[in-house]
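Asker: My questions are about this predicted structure, shown below with the sequence.
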Amino acid sequence: MTEFVAVAGVDELEAGEMRAFDVRGVKIAVANVGGAFHAFDDTCTHAGCSLAGGDLEETTVICPCHGSEFDVRSGEVLQGPAREPVETYETRVEDGSLKIEG
Amino acid sequence: MSETFVIVGAGLAGGTAASTLRQDGFDGRVVLIGAEKHPPYERPPLSKEYLRDESSFEQALLQPLDFYGENGIELKCDVRATRIDDREKTVELDSGEQVAYDKLLFAAGVKNRQVPTPGSGLDGIYDLRTVADSDLIRREISPGRKAVVVGMGFIGSEVAASLRQSGVEVTVVDRNKVPLRRVLGEEVGRVIEVIHRDHGTELIFEDTVAAFEGTGRVESVVTSAGHSLGCDFVVVALGVEPVVEPLVGTGVEIDNGVVVDEYFRTGVEGIYAAGDVANHYHPVFERHIRVEHWQNALKQGQAAARSMLGGGEPYQEIPWFWSDQYEHNLQYSGFHREWDELVVRGSLQERSFVAFYRKDERILAAVAIDRGRDLRRSVPLIKSRQRIEASRLRDPDVDLRKLVTAANTRL
C-alpha cells in the first residue's frame, strides 16, 4: 500500500510557489498550481540542480542552472538540455496537512 | 513535384532544423550534410562533463541513431560541402557528389581560430571543437600531469576548470587583464579570475605565447613576457571564426558570418543561414548580431526551418547561455558590446549576483553567478527595452518580475 508522508501545512505553500522536502531521504519538490499540489523529484535529470530553486510558470518548472523545463504534472521534459523526465509522486491533503507519497 | 531541402552543417542548428521540418509536416526530400563522422550532437558537455568522463557521447546525441532513417532524413556524415552554386542550385561535396536543392539552409557553424605560432605542429597540442578533439584531450588527463591552456574565453575557462577538477596542474595564458574580458568586462572577469585561482589554477594575464618548444612533443610553452612553462600537453582556445568558404562566389553577403534577416533569409532567394554562422538582424537590439551558443543554435534551427516552410515569425529570442566552472553556474542573457554602467544585485565578492550591463539606462544584458532564477527574470527586462532605475535593480526586496510595466513594453 502506498504510504503518505506529511511534509507541511497546506497553507505553508502559496499558489505559484515551490518548495523541496526531504521525504525519507529523497528530495521531492512540490508546486502549488492554483491550489493543486504537484510533487516531483527536486533533482534535475540533466545536471542535478534543485528544481525548487527555479521558476514555476503555470504547470512548467524551469531549472535554475541550464533552463530545462518539465511539466510538473507528468514530469515530462518540455525543453532540454534535460532528456530524461523527472519522477512524479502523488499528493494528498488531509487534516490541513500536505502529504506526499513516500 | 516534391521539393528538396538541403541543410549544410549537421550540428545543433542543422540537426534541429531537419527534425523541425519533419515535425511541421514537410514531406519533400531532406538532406543533412555533416563534416563529422557522427550524427548531430550537442557540444556543451565536450568541455565539461564529457571531458571529465562524467557523461557518455550517447547522452550528447540530439536524436537516437535510427531517428534519421525513420524520418526520411538523408544524413550524410563525414563529408564536407565545398561549393554552393546559387545559379544551378547545387551543393558540391568533397566526395565528388553533387546535390541539387530547392531551398538550402547553411548552418556550417564556426571553426577554431588558428594563430600561427612557432612549434604549433608539435604533438600534445590540442584545440577543442568536436568530440574527436575532446577524446584526444581526455587521453592526456591524469592527476599530477601539467597542462597549459592558451586563452581564457569560455572554452579556455571551462577546459581549465575541468582539467583542474581532474587533478591536472593547470596554467592559463591570456592576453587580457582578466578572463572573459571581452564578453563580461573587468569587474565580472575579476570574479572568474578569483574562482580559478582559489582552485589552484595558475593564471598569467597580459601575455601571449611566443613559441611551443619540445622534441617531437611539446615540453614547454614560452611566452612573450619570457615565462617558460613546462608541460605535458597544451590546449589552445583562442576563439572561433565562421565557416563561410562554400558560399564564396555566390550572391550571399558575407560579413562576420552569413548576413541574414530576422527570418534567416540571405539576400539570395532560397538560401537561409542559422546558428553560429548566422549574422542575423535582431529586432530587440536593432542590429545584426552573431551568437555562438547552444540555445541560439537550437532556437534558430527551429525558426529557420519554419521560415523555409513559408511560415515563421521574426526571430526575437534573447540570446542566453550558461557556463559551469568548478562548483559555479554562470549564466548570461542579452547582447552587449559596450556599456556605460554595471548595476550589481547581490555581491560580486560573495559570488552570488546578477549584474546588468546598461547603456543609456536600458539593460542590454545580464550576467549571473549562482542566481539562475534572477537571470531568467531579467530576460523580460532586456526584451522590454525600458529604462529602469538602478536603485530598483539593486534592491533585493524588489521582485524583478514586477519591474516591467505592460504600457512600456514594445515587444
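Answerer: Okay, I see it.

Asker: So which bits of chain A are right by chain B?
Answerer: A:47, A:49, A:53-55, A:62-67, A:80-81, A:83 (C-beta under 8 Å from any C-beta of the partner chain). For the C-beta atoms, the positions are set from N, CA and C on the backbone; glycine is no exception.

Asker: For the buried ones among those, write the corresponding ChimeraX selection.
Answerer: A single ChimeraX command selects the buried members of the residues of chain A next to chain B (16 or more other C-beta atoms under 10 Å in any protein chain shown):
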select /A:47,49,53,54,55,62,63,64,65,66,67,80,81
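
Asker: just the residues of chain A next to chain B now: which is nearest residue B:114?
Answerer: Minimum distance to residue B:114 across these is 29.6 Å, recorded for residue A:81 (C-beta to C-beta).

Asker: That closest one is in contact with residue A:68, isn't it?
Answerer: Yes: contact criterion C-beta atoms under 8 Å: residue A:81 and residue A:68 qualify, at 5.7 Å.

Asker: Please give me every residue in contact with the closest residue to chain A within chain B.
Answerer: At 3.1 Å from chain A, residue B:372 is the closest residue in chain B, using C-beta to the nearest C-beta. When contacts are counted by C-beta atoms under 8 Å, 6 or more residues apart in numbering or on different chains, residue B:372 touches A:49, A:53-54, A:63-65, A:67, B:329, B:331.

Asker: same check, this time on residue B:270
Answerer: B:86, B:89, B:101-104.

Asker: Among those, which lie within strands?
Answerer: Counted as lying in strands by DSSP state E, out of those, are B:103-104.

Asker: Out of the contacts of residue B:270, give me the one that has the most neighbours.
Answerer: Counting neighbours by other C-beta atoms under 10 Å in any protein chain shown, the top entry in the contacts of residue B:270 is residue B:104, with 29 neighbours.

Asker: Can you name the residues in contact with the lengthiest helix in chain B?
Answerer: For chain B, the longest helix by residue count, based on DSSP state H, is helix B:181-198. Outside of helix B:181-198, the residues within contact range by C-beta under 8 Å, 6+ apart are B:153-154, B:157, B:160-161, B:164, B:172, B:176-180, B:203, B:325-326, B:328, B:330, B:332, B:339, B:342, B:344, B:348, B:351, B:355, B:357, B:367, B:369.

Asker: Turn the residues of chain A next to chain B into TSV, columns for secondary structure and pLDDT.
Answerer: TSV is the format used below for the residues of chain A next to chain B (DSSP: H, G, I helix; E, B strand; the rest coil; pLDDT from 0 to 100):
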residue	secondary structure	pLDDT
A:47	coil	89
A:49	coil	94
A:53	helix	94
A:54	coil	95
A:55	strand	94
A:62	strand	96
A:63	coil	96
A:64	coil	95
A:65	coil	94
A:66	coil	94
A:67	coil	94
A:80	coil	88
A:81	coil	93
A:83	coil	91
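
Asker: From the residues of chain A next to chain B, pick the one nearest chain B.
Answerer: residue A:64 (3.1 Å).

Asker: which one is that closest one nearest to, not counting chain neighbours?
Answerer: Spatial nearest neighbour of residue A:64, excluding adjacent residues (C-beta to C-beta, 6 or more residues apart in numbering or on different chains): residue B:372 at 3.1 Å.

Asker: same thing with residue B:160?
Answerer: residue B:149 (4.7 Å).

Asker: and the host helix or strand of the one you found, what's its mean pLDDT?
Answerer: According to DSSP states H and E, residue B:149 maps onto strand B:146-150. If you average the pLDDT over strand B:146-150, you get 98.

Asker: Would you mind listing the buried residues in that strand?
Answerer: Buried residues in strand B:146-150, counting neighbours by 16+ other C-beta under 10 Å, are found at B:146-150.

Asker: which SSE is residue 14 in?
Answerer: Unless you meant another one, I'm taking chain A. Judged by DSSP H and E, residue A:14 forms part of no helix or strand.

Asker: my bad, the chain I had in mind was chain B
Answerer: Applying DSSP H and E as the criterion places residue B:14 in helix B:12-23.

Asker: Export that helix to PDB, keeping only CA atoms.
Answerer: Output of helix B:12-23 as PDB, limited to C-alpha atoms (Å, rounded to 0.1, in the frame of the first residue of the first chain):
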ATOM      1  CA  LEU B  12      22.700  21.600 -33.300                       C
ATOM      2  CA  ALA B  13      21.200  24.200 -35.700                       C
ATOM      3  CA  GLY B  14      21.200  21.900 -38.700                       C
ATOM      4  CA  GLY B  15      20.100  18.800 -36.900                       C
ATOM      5  CA  THR B  16      17.300  20.700 -35.200                       C
ATOM      6  CA  ALA B  17      16.200  22.200 -38.500                       C
ATOM      7  CA  ALA B  18      16.000  18.700 -40.100                       C
ATOM      8  CA  SER B  19      13.800  17.300 -37.300                       C
ATOM      9  CA  THR B  20      11.600  20.500 -37.200                       C
ATOM     10  CA  LEU B  21      11.000  20.200 -41.000                       C
ATOM     11  CA  ARG B  22       9.500  16.800 -40.400                       C
ATOM     12  CA  GLN B  23       7.700  17.700 -37.300                       C
END
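
Asker: Quick one: residues in contact with that helix.
Answerer: Counting by C-beta under 8 Å, 6+ apart, residues outside helix B:12-23 touching it are B:5, B:7-8, B:30, B:32, B:34, B:39-40, B:42-43, B:62-63, B:67-68, B:71-73, B:75, B:105, B:107, B:109, B:274-276, B:294, B:297-298, B:300-302, B:304-306, B:308-309.

Asker: Can I get the buried part of the residues you listed as one ChimeraX selection?
Answerer: Applied in ChimeraX, the following selects the buried portion of the contacts of helix B:12-23 according to 16+ other C-beta under 10 Å:
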select /B:5,7,8,30,32,34,39,40,42,43,62,63,67,68,73,75,105,107,109,274,275,276,294,297,298,300,301,302,304,305,306,308,309
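
Asker: Filter the contacts of helix B:12-23 to keep only those in contact with chain A.
Answerer: B:42, B:294, B:298.

Asker: what number of residues lie near the closest residue to the first one other than its chain neighbours?
Answerer: Spelled out, that is residue B:42. Closest residue to residue B:42 apart from its sequence neighbours, by C-beta to C-beta, 6+ apart: residue B:60 at 4.9 Å. The tally of other residues near residue B:60 (other C-beta under 10 Å) stands at 21.

Asker: Does residue B:60 touch residue B:38 like I think?
Answerer: No: the criterion here is C-beta under 8 Å, and residue B:60 misses it with residue B:38 at 9.1 Å.

Asker: domains in chain B, as residue ranges please.
Answerer: When chain B is parsed with automatic domain parsing, its domains come out as B:4-111+B:241-308, B:125-238, B:327-408.

Asker: avg pLDDT for the first one?
Answerer: Confidence over domain B:4-111+B:241-308, taken as the mean pLDDT, stands at 97.

Asker: Over to the last one?
Answerer: Confidence over domain B:327-408 (mean pLDDT, whole number) is 92.

Asker: who's in contact with residue 97?
Answerer: No chain specified, so I'll use chain A. Taking C-beta under 8 Å, 6+ apart as the test, what residue A:97 contacts is A:6-10.

Asker: Can you look at chain B instead?
Answerer: Here residue B:97 is in contact with residue B:79 (C-beta under 8 Å, 6+ apart).

Asker: swap in residue B:110?
Answerer: B:240-243, B:276-277, B:292.

Asker: Could you export the contacts of residue B:372 to CSV, including columns for distance to residue B:399?
Answerer: Compiled in CSV, these are given as follows (distance: C-beta to C-beta, whole Å):
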residue, distance to residue B:399
A:49, 22
A:53, 16
A:54, 16
A:63, 20
A:64, 16
A:65, 21
A:67, 20
B:329, 22
B:331, 19
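
Asker: show me the contacts for residue B:377.
Answerer: A:55, B:399-401.
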